[in-house]
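> return a 3D structure for these sequence lines:
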Amino acid sequence: MMRSLAALLILAAPAAAAEKMNVLLIVSDDLTNTALGCYGSPAKTPNIDKLASKGVRFDRAYCQFPLCNPSRASFLTGLRPNSTKVYENGTQFRKVVPDVQTLPQTFQKAGYYVARVGKLYHYGVPGQIGTNGLDDPPSWQHVVNPRGYDKDDEDADRIFTLTPNGKGSGRFGATLSWLASEGTDEQMTDGKIAAETVKLLAANKEKPFFLACGFFRPHTPYVAPKKYFDLYPVDAIALPKVPDGHRKAGPAAAFASARPVQETMTDLQRRQAIQAYYAATSFMDAQVGVVVDALEKNGLADRTIVVFMSDHGYHLGEHGLWQKMSLFENSARVPLVIYDPRARGNGKASQRIVELVDLHATLADLCALPAPKLDGPSLKPLIDDPAAAWDRPAITQVSRGTPIITGKKIGKNAFWFLGATVRTPRYRYTEWDGGKKGIQLFDYETDPGELKNLATDPAHAEVVAKLKAMLPK
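Presented below is the predicted three-dimensional model:
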C-alpha cells in the first residue's frame, strides 16, 4: 500500500508541472493603438488582429509614463513611477529600489524557465540595439540581443532623418527618421528576435516558461523592408486635423514635447512619416505572427498565455505633436491584448479602464503564483468577463525638464516638474506642476479629440474637484 501511494505521488509530480501555464509576453516599442487594425486603424496588422479576436482586447488601457524607461520599469515591476522613482531614460530602477521583485523574478521563484529576447527593459534606440541596454540581470536566466540589417543601414548612413541629432547612432535618437530597406524580414533585428524566440519556445516546451519577446519597431528610425512601404501609397495617407490656435491655447506644458521640426514639416513629409510608421508596424506585426504561430507548431497553444502590448502610445500629428511624452490620449493610451486559452471572455473587447502597472499581478494571478506587494490589481476578473464591474481610473505621469539624480535620490531643480493625468470612462483631468503650470479637463462624450479644455468652466467645478482628488500627491 505504501509503495503504491509513493508511486502515485511520483507520477503526479510531472502531471502537476505539465498543468502550469506558460507565458509569452510580446512588447512592441512606441506603438499607438491608431496603427492597429483591431483598434480601427487603416494600418494592416493581421496577426495582432487575429490574436485580439481570440483573446481580450482592452480598448482603454493606459501606461503610467509615456517614455520607455519609466514605463518599462513600472510594468515589469508592478510599481508606479512614484514608487520606482524612474522619471527619465537614464536611471536603472535598482539604483533606487534595489530589492524589488520584478515580474520575471516572480516566475523564476515559481520554478519557471525565464528568458528574454530583444528589448524589455530600456534600450537607447537605435544606438544600443545588439547590447544589453539598461537591462536588469536578476530578472532573466537567459538573454539574447540580436543585431540585424537595420543596423547595417544605419552604419552605411542610408537612413533619412528630418532632424539630425549629433553624430553616430545619436543622430536618430528621438527624431523622425525612416528607410524602406533592401533587407529581408529575416535579416532585420526584429526578424532575428522572432527567430530566436521561436528557438527558445521549441527548446523549452517541456517545462513551464516565461518568455519575453521585445520588438524594436515601430520605434524611430522607422526601418522596414521596402515591401511594407508599398502597402501604403503616400497620397492615400490621411493627416489628422488640428484646429487653428489649438496649441497656442495651452497650457504650454501640455505641448512641450513638440520639436521645432514639427513646425516646418510639409504635408508630404507628414504623410511620408506616417507611411513609414505604418510600414514598420506591419513589419513588426509579421514577426508577431512568426512567434505566435510557433506556439501551435510546438503544441503549446493550449497552455500558453499570450500578452501583446506596447510600452506607451504615440502621436502621428494629433494635436500638432509627434512621438510621445504628452498626457493626451494618443500618448497615454496603449494597445493591450491578453489571450488565456482557458478564459471565458475570449473574443471580446473590454471598455474598462486598466493600466500597464496591473500586468504583474495579472500574470501571477492567471498562473496561480504568489506575488509581492504591488501597485496594480489583477485583471483576471475582466479576462473572464470583459464587462465585469470595474471602477478604477488610470493615472499617467510625465516630466518636463531633467531631474537631479544623486545616488538613490531623485531631486527637482527649477526646470523640472511633473504633469499628472487621471482618466475615467468619461473624463481626463490633467495638472501640470500640481496645477501651477496649467490644468486641463476633457469630456470624451462631447469631445473625443481633446480639443476643448473645460477645466476653468464653472459648470465643471465639481468634476474637477472629484478628479483632482484621484491624482498622486
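> can you list the low-confidence ranges for this protein?
Within the chain, the segments meeting pLDDT under 70 span 1-18, 164-170, 404-414.
> which residues does the closest residue to residue 327 other than its chain neighbours form beta bridges with?
Nearest-residue entry for residue 327: residue 421, 4.3 Å, with adjacent residues in sequence omitted and distances by CB to CB, 6 or more residues apart in numbering. Heads up, the C-betas are built off the backbone N, CA and C, glycines and all. Beta-bridge pairing for residue 421 (DSSP bridges): residue 396, residue 430.
> please apply the same query to residue 114.
Note on residue 114: beta-bridge partners residue 210, judged by DSSP bridges.
> next, count neighbours for it.
24 (other CB atoms under 10 Å).
> that one and residue 212, how far apart?
Residue 114 sits at a distance of 8 Å from residue 212 (criterion: CB to CB, to the nearest Å).
> look at the residue nearest to residue 327 and say how many residues are nearby.
Around residue 421 there are 27 residues (other CB under 10 Å).
> for the protein, what spans make up the helices?
Counting by DSSP state H, the chain has helices at residues 2-18, 46-54, 68-75, 81-84, 103-109, 149-155, 189-203, 226-229, 261-264, 267-297, 329-332, 359-366, 380-384, 461-468.
> switch those helices over to TSV; also include mean neighbour count and distance to residue 347.
Shown next, in TSV, are the helices of the chain (neighbours: other CB atoms under 10 Å; distance: least, CB to CB, whole Å):
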stretch	mean neighbour count	distance to residue 347
helix 2-18	9	26
helix 46-54	19	6
helix 68-75	26	25
helix 81-84	22	34
helix 103-109	22	26
helix 149-155	19	35
helix 189-203	21	24
helix 226-229	19	28
helix 261-264	13	40
helix 267-297	22	16
helix 329-332	26	26
helix 359-366	23	17
helix 380-384	20	12
helix 461-468	15	33
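> quick one, which of these is nearest to residue 417?
Closest approach to residue 417 among these is made by helix 81-84 (13.9 Å; CB to CB).
> before we move on, the earlier item: shouldn't the residue nearest to residue 327 be in contact with residue 396?
Yes. Using CB atoms under 8 Å, residue 421 is in contact with residue 396, at 5.2 Å.
> now for those two: what residues contact both?
327, 332 (CB atoms under 8 Å, 6 or more residues apart in numbering).
> and residue 239, how many neighbours does it have?
Counted by other CB under 10 Å, the residues lying close to residue 239 total 12.
> with adjacent residues omitted, what lies nearest to it?
Counting by CB to CB, 6+ apart, residue 239 lies nearest to residue 270, which is 5.6 Å off, once chain neighbours are set aside.
> quick one: which of the helices of the chain is nearest residue 344?
Of all those, it is helix 380-384 that lies closest to residue 344, at 4.9 Å by CB to CB.
> ranges for the strands of the stretch 301-450 of the chain?
For the stretch 301-450 of the chain, strands defined by DSSP state E, counting those that start in this stretch occupy the ranges 304-310, 315-316, 322-323, 333-339, 348-355, 394-400, 404-406, 409-411, 417-423, 427-432, 439-443.
> now do the longest one: distance to the chain's middle.
Spelled out, it's strand 348-355. Here strand 348-355 is found 16 Å from its chain centre; the criterion is CA atoms, centre = their mean, to the nearest Å.
> contacts for it?
Here strand 348-355 has contacts from 52, 56-64, 336, 376, 379, 382, 386-388, 390, 392-395, 423-425, using CB under 8 Å, 6+ apart.
> report the angle between it and strand 417-423.
Orientation check (axes from the mean of the first three to the mean of the last three CA atoms, to 10 degrees): strand 348-355 against strand 417-423 gives 150 degrees.
> each with direction, which strands does strand 348-355 pair with?
As defined by DSSP bridges, the strand partners of strand 348-355 come to strand 56-62 (parallel).
> which residues are contacting the partner strand?
Identification of contacts with strand 56-62 by CB under 8 Å, 6+ apart yields 38-39, 309, 332-339, 343, 345-346, 348-356, 379, 382-383, 386, 394, 396, 423, 425.
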